[in-house]
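Peer 1: Take this sequence and fold it.
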Amino acid sequence: MFAPADTEPPRVLVAIKPMQRGLPLPAIRAREFARVSGEILLLSVVFDPVVARGLQGAAALEPVFKNRLIEDQRLHLEDTAQSLRDWSANVKVRVVWDSAAYRGILRVAHEWRPTLLVVGAERQAMLRPSLKGTPAELMHACAYPMLLVKESTSNDQRTILAAVDPSRAESRAVAGSVLRAARHFGSALDCRVRVVHAFPDPEKFALASAVEVSPGVFYATENLAALHRRAVEELSSSYGIDPSHTDVRQGEPAEVIRDLMMEHDVRLVVLGLSRHSRLQQVVLGSITEAVAFESPCDVVLIPQPPQGIETGERDAAAS
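Peer 2: Prediction:
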């Protein structure tokens, strides 16, 4: 889905909880995004501490019971896979053994190199965001775009919100990938794309004099909004998004995004994955985590792209 030239079929890795009943929502979302030509890999991570300890010393039985647990889950995943195959999806299954689900998912992701990782949001994490839990651990370590699936997302919602920040170098590096991903999801889901950017309160800036940062725009408190709007509109236009479909507002990013979700019929939010140390996240909090876990709709997190890839993507989008 996120191949530079849009020629490669998407590879969607879906994390499914062991023995989850029915057709899991992450699998349904994967089928929507993979389309007919894409490849889906359903993955479960299983573990039993009793088996791992060798059944109180019966080490010879450990491989037998471990393999039985893995095979039972594989058969369970095959039932889910067949439901997707009935919709003409190309689906495979895999089960791995690991005491930490996120670690097993990351290991398979490193081997399979998906274009999108799909994981269900944990209800407890949505009610009380924390640094624990599989989604939070994946946010901290995953190098691939990740879709966090929420039960409250409705197919009737027709807007995709793409959050960008062209004012900072580290954010500009991922903004292109965010906009490109938003366009792909918009096409797959038949949704319109709106671009959002939040900038700080101008009163926080104390400038001795105005500086012309681009033709006709001076960097001073009275026209700070114009500076940000021009940057966002130019960025949106370079990726084929109508500049009129932009919202540039003053305020904290997470709050601005929440406000826009109330104003528009938002089905999906796409934003860059800002990485901080665990200590920074505890002390300062995380905009990414606030949006990912508190928003009622699905969220796509785009990691920092490899150095130099943004220019190539923009050239491909503009061609």
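Peer 1: all helices of the stretch 51-200 of the chain, in order?
Peer 2: 54-57, 62-85, 101-112, 123-127, 134-141, 169-189 (DSSP state H, counting those that start in this stretch).
Peer 1: The second one: how far from the chain's middle?
Peer 2: Taking C-alpha atoms, centre = their mean, to the nearest Å, the mean C-alpha location of helix 62-85 is offset from the chain mean by 27 Å.
Peer 1: Going by neighbour count, list what's buried in it.
Peer 2: 62, 65-66, 69-70, 73-74, 76-77, 80-81, 83-84 (16 or more other C-beta atoms under 10 Å). C-beta here means a position set from N, CA and C on the backbone, and glycine is covered the same way.
Peer 1: looking at the helices of the stretch 51-200 of the chain, which one has the lowest mean pLDDT?
Peer 2: Mean pLDDT is lowest for helix 123-127 among the helices of the stretch 51-200 of the chain, at a mean of 47.
Peer 1: Was I right to think residue 142 contacts residue 108?
Peer 2: No. The pair residue 142 and residue 108 does not pass the contact test of C-beta atoms under 8 Å, sitting 11.4 Å apart.
Peer 1: low-confidence ranges in this structure?
Peer 2: Applying pLDDT under 70 to the chain flags residues 1-7, 36, 51-62, 122-132, 169-170, 201-223, 274-286, 305-319.
Peer 1: what are the ranges of the strands in it?
Peer 2: Under the criterion DSSP state E, the chain carries strands at the ranges 11-15, 39-46, 90-97, 116-120, 146-149, 159-163, 192-199, 211-214, 217-219, 246-250, 266-272, 298-302.
Peer 1: Throw the buried residues of helix 62-85 into a markdown table and include distance to residue 98, thanks.
Peer 2: Shown next, in a markdown table, are those (distance: C-beta to C-beta, whole Å):
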| residue | distance to residue 98 |
| --- | --- |
| 62 | 15 |
| 65 | 16 |
| 66 | 12 |
| 69 | 12 |
| 70 | 11 |
| 73 | 13 |
| 74 | 15 |
| 76 | 17 |
| 77 | 16 |
| 80 | 20 |
| 81 | 21 |
| 83 | 26 |
| 84 | 24 |
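Peer 1: which among those gets closest to residue 155?
Peer 2: Residue 155 lies nearest to residue 84 out of these, by C-beta to C-beta, at 16.9 Å.
Peer 1: Quick check: nearest residue in space to the closest one, chain neighbours excluded?
Peer 2: Distances taken as C-beta to C-beta, 6 or more residues apart in numbering place residue 91 nearest to residue 84, at 4.8 Å, with adjacent residues excluded.
Peer 1: Any idea what that neighbour is bridged to?
Peer 2: Taking DSSP bridges as the rule, residue 91 bridges to residue 40.
Peer 1: burial measure for it, as a count.
Peer 2: 24 (other C-beta atoms under 10 Å).
Peer 1: what does residue 250 give?
Peer 2: Residue 250, neighbours per other C-beta under 10 Å, totals 14.
Peer 1: so what's it bridging to?
Peer 2: Bridge pairing for residue 250 - DSSP bridges - gives residue 199.
Peer 1: So it is in contact with residue 198, correct?
Peer 2: Yes. If you go by C-beta under 8 Å, residue 250 and residue 198 touch, sitting 7.2 Å apart.
Peer 1: how near is residue 105 to residue 47?
Peer 2: Using C-beta to C-beta, to the nearest Å, residue 105 is found at 13 Å from residue 47.
Peer 1: got the contact list for the closest residue in space to residue 251 that isn't next to it in sequence?
Peer 2: Nearest residue to residue 251 in three dimensions, chain neighbours excluded: residue 198, at 5.3 Å (C-beta to C-beta, 6+ apart). For residue 198, the contact set (C-beta atoms under 8 Å, 6 or more residues apart in numbering) comprises 165, 249-253, 255-257.
Peer 1: how about those in JSON lines, adding distance to residue 116?
Peer 2: Formatted as JSON lines, the contacts of residue 198 follow (distance: C-beta to C-beta, whole Å):
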{"residue": "165", "distance to residue 116": "22"}
{"residue": "249", "distance to residue 116": "29"}
{"residue": "250", "distance to residue 116": "33"}
{"residue": "251", "distance to residue 116": "30"}
{"residue": "252", "distance to residue 116": "28"}
{"residue": "253", "distance to residue 116": "23"}
{"residue": "255", "distance to residue 116": "28"}
{"residue": "256", "distance to residue 116": "26"}
{"residue": "257", "distance to residue 116": "21"}
